[in-house]
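Undergrad: sharing a model that was predicted from the sequence below.
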Number of protein chains: 12
Amino acid sequence: MSGTVARITEISARSDVGFDDAIKVGVERATATLRNVQGAWVKEQKVDVTDGHITHWQVVLEITFVLD
Amino acid sequence: MSGTVARITEISARSDVGFDDAIKVGVERATATLRNVQGAWVKEQKVDVTDGHITHWQVVLEITFVLD
Amino acid sequence: MSGTVARITEISARSDVGFDDAIKVGVERATATLRNVQGAWVKEQKVDVTDGHITHWQVVLEITFVLD
Amino acid sequence: MSGTVARITEISARSDVGFDDAIKVGVERATATLRNVQGAWVKEQKVDVTDGHITHWQVVLEITFVLD
Amino acid sequence: MSGTVARITEISARSDVGFDDAIKVGVERATATLRNVQGAWVKEQKVDVTDGHITHWQVVLEITFVLD
Amino acid sequence: MSGTVARITEISARSDVGFDDAIKVGVERATATLRNVQGAWVKEQKVDVTDGHITHWQVVLEITFVLD
Amino acid sequence: MSGTVARITEISARSDVGFDDAIKVGVERATATLRNVQGAWVKEQKVDVTDGHITHWQVVLEITFVLD
Amino acid sequence: MSGTVARITEISARSDVGFDDAIKVGVERATATLRNVQGAWVKEQKVDVTDGHITHWQVVLEITFVLD
Amino acid sequence: MSGTVARITEISARSDVGFDDAIKVGVERATATLRNVQGAWVKEQKVDVTDGHITHWQVVLEITFVLD
Amino acid sequence: MSGTVARITEISARSDVGFDDAIKVGVERATATLRNVQGAWVKEQKVDVTDGHITHWQVVLEITFVLD
Amino acid sequence: MSGTVARITEISARSDVGFDDAIKVGVERATATLRNVQGAWVKEQKVDVTDGHITHWQVVLEITFVLD
Amino acid sequence: MSGTVARITEISARSDVGFDDAIKVGVERATATLRNVQGAWVKEQKVDVTDGHITHWQVVLEITFVLD
């Protein structure tokens, strides 16, 4: 069988620093378990608020990784 | 790495009792395999019909579970 | 011509009991006119309110029935 | 000015009994603050899970109420 | 009445610094008027351009706040 | 706090003349209650029919107004 | 069986006068065949152009009619 | 009444040969019952799988036919 | 090469008279630059408001023109 | 300026052979005018029908090409 | 626990022959790892282009497989 | 002809620094070719990953520019 096949899996990652860090956290966590992670699509962006201040930045990512 | 990360997986569950039972069946089956299931979003609701009577209730769920 | 063909038609059904009953009402009404109804997809769910109380439950269904 | 005008507002309501109760909770809360509530559209349905059991049922509703 | 109820309101906020600041501006403005703001979902992200340079960053947010 | 913030609210307006009048009715009603209305986006267009004749034209509008 | 049931059918109508006329044409044609037409939702609006001039206005309508 | 009016109806067709055949099956079946079929829009494409092999190709079509 | 090919381009047009005029303005402007304009699909409809009065009507159009 | 930039343009292509040919026709026509075409996303698939037979296959493509 | 439960997973598959082959490649690869694959829904269709020629056909599939 | 007309064009821009830079790269490239660029809407956000690290940030933008 010749063609290449990739899987797409959805994760949600949360940081107390910002969106860029939340994406980094999500990608690193995915890489720790999955081989050949190629990229991620940012599907959602949310913030948690306490007493008028943003306390967490959360992203939902669609992670793509190539199957061996 | 500080932030928390969750995965979101999609399942379809079917019951011959009703939608509430179908959701319960789906959540219990997910819990049997996955640790730290936190919640589920009801994405689709369908019924099967035979001879004018509803025989099955089916739901598609997006299950969220926290990664260790 | 070999393959099977089904039609998909959209109905809206209303009950003064609840959503489960509204789906049942819609499926039974569809069955009274159409042969070979196979299933229904719940596309919308609404309630009517009078004086703070829910008086009707309404669903929009996509009904599938096999053509002879 | 002749025509009637209504406002549409979005609320999220949560119950520890089921979806029907969550909708009732949301409609009653809306009625406590807003006059002339006419209906609600069920936009989202979610459940919270703890130790494999559903603990809360949550709905997001679009509430319509007529302006005087 | 037991269950908790939240309202979801939509605002648009603009900053001449960046998207992170626009979100902060929107959340702070919402907090000034609304009690118990819990979070915000980033629905849209736009930039204004003058003479080839970005002059404003604008976000549309869905703000969630718990009703007393 | 520098940036400008606007709120977006959804209304439904109905006229027995036509869509243009329904939009005018909705904008005027919004202006009667809200300060600094800037614009409206036409989200839905519907007509009511009785005995084969259109009796009402209805629009759903997303009204934007700047917060002081 | 108590609840009321309506069917929703989709038609496309075209006029050489304007959108309002196209909607009227579609509603009248639907009324000629279907009993108890209640309303129509404007789903699409298109124009045909020849030599820089609009020659036809076309609408796609979702017609609702109550089943006896 | 001058303008032309068309109806749009949704069917699902299945073939054990491929997608092109499924579309042909659906169009031919629609033509057998409906006059003046003008075209079809491919809304969904699915395959059934048994023991790792594709056994059926299924399409959902929106069929347009002009009313006399 | 036999088949016909068309391009689809998106424009936004604004009038101080009404939506019909805004569509006409957009189609005429497109025709001034592009050859063989065939039609336009109305994607968005917005109004600008000043002191409670509608001052501009704006449409977003998807213009189709055949390539030579 | 370091980063790479691509443009995305939408075309519609029609063939009297089939969908694969329609995509090929569209890609070749795009390549005749645009440099560095990289790929295409199939956005819509339609067929024209005359006397119960499919006469044309039409696709809407989003063409991506890298800017020099 | 009585009801049946299925999982839905998303994969992307690529072929240098055509879309039909890409779907076959994706289904076979899924079957190699997952038991009880039942079907697949074609979510996206793309082509890669080099020097005006299509070099790869890519599909995104939602694979459904029944859990034991 | 009085009204103003703008065109909306879609581009994809990539940076090895971050999303803010990718948007800046895209806006500057658009400004180099198009006159009167007014703004951009962020439609998609993606990252490329190599060996667990993000190597590129990519955005898809809808650029609006006023026609003379």
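TA: Arrived safely.

Undergrad: A:Val37 contacts A:Ile63, doesn't it?
TA: Yes. Between A:Val37 and A:Ile63 a contact is recorded at 6.1 Å, counting by C-beta atoms under 8 Å. From N, CA and C alone the C-beta is placed, and that goes for glycine too.

Undergrad: find residues that contact each of those two.
TA: Common contact partners of A:Val37 and A:Ile63 (C-beta atoms under 8 Å, 6 or more residues apart in numbering or on different chains): A:Val27, A:Ala30.

Undergrad: gap between A:Ala30 and chain I?
TA: Applying C-beta to the nearest C-beta, to the nearest Å, the value for A:Ala30 to chain I is 35 Å.

Undergrad: show me which residues of chain A sit near chain E.
TA: Counting by C-beta under 8 Å from any C-beta of the partner chain, chain A comes close to chain E at A:Gly18, A:Phe19, A:Glu44, A:Gln45, A:Lys46, A:Val47, A:Asp48, A:Val49, A:Asp51, A:Gly52, A:His53, A:Ile54.

Undergrad: repeat the analysis, applying 7 Å as the threshold.
TA: Residues of chain A lying close to chain E by C-beta under 7 Å from any C-beta of the partner chain are A:Gly18, A:Gln45, A:Lys46, A:Val47, A:Asp48, A:Val49, A:Gly52, A:Ile54.

Undergrad: quick one: pLDDT of the fifth one?
TA: We note a pLDDT of 97 for A:Asp48 in this prediction.

Undergrad: state the phi and psi torsions of it.
TA: Torsion angles at A:Asp48 (phi, psi; degrees, to the nearest 10) stand at phi -100, psi 140.

Undergrad: which residues does it bridge with?
TA: A:His56, E:Gly39 (DSSP bridges).

Undergrad: surely it touches E:Ala40?
TA: No. Using C-beta atoms under 7 Å, A:Asp48 makes no contact with E:Ala40, being 8.6 Å away.

Undergrad: so which of those two has more stuff around it?
TA: Under the neighbour definition other C-beta atoms under 10 Å in any protein chain shown, A:Asp48 and E:Ala40 were set side by side, and E:Ala40 has more, 26 against 16.

Undergrad: which residues does the residue in chain A that chain F sits nearest to contact?
TA: Proximity of chain A to chain F (C-beta to the nearest C-beta) peaks at A:Gly52, 11.4 Å away. Counting by C-beta atoms under 7 Å, 6 or more residues apart in numbering or on different chains, A:Gly52 touches E:Glu28, E:Thr31, E:Val37.

Undergrad: with A:Gly39 instead?
TA: A:Thr64, L:Lys46, L:Val47, L:Asp48, L:Val49.

Undergrad: what's the closest of the contacts of A:Gly52 to K:Ile8?
TA: Proximity of those to K:Ile8 (C-beta to C-beta) peaks at E:Val37, which lies at 35.1 Å.

Undergrad: so A:Arg14 bridges to which residues?
TA: Beta-bridge partners, per DSSP bridges, of A:Arg14: A:Gln58.

Undergrad: that one and A:Asp21 touch, don't they?
TA: No. Using C-beta under 7 Å, A:Arg14 makes no contact with A:Asp21, being 9.6 Å away.

Undergrad: and A:Gln58, how far from chain K?
TA: For A:Gln58, the distance to chain K equals 21 Å [C-beta to the nearest C-beta].

Undergrad: what of A:Lys43?
TA: Distance from A:Lys43 to chain K, by C-beta to the nearest C-beta: 12 Å.

Undergrad: neighbours of A:Asp51, just the number please.
TA: There are 8 residues near A:Asp51, going by other C-beta under 10 Å.

Undergrad: perfect, I'm done here.
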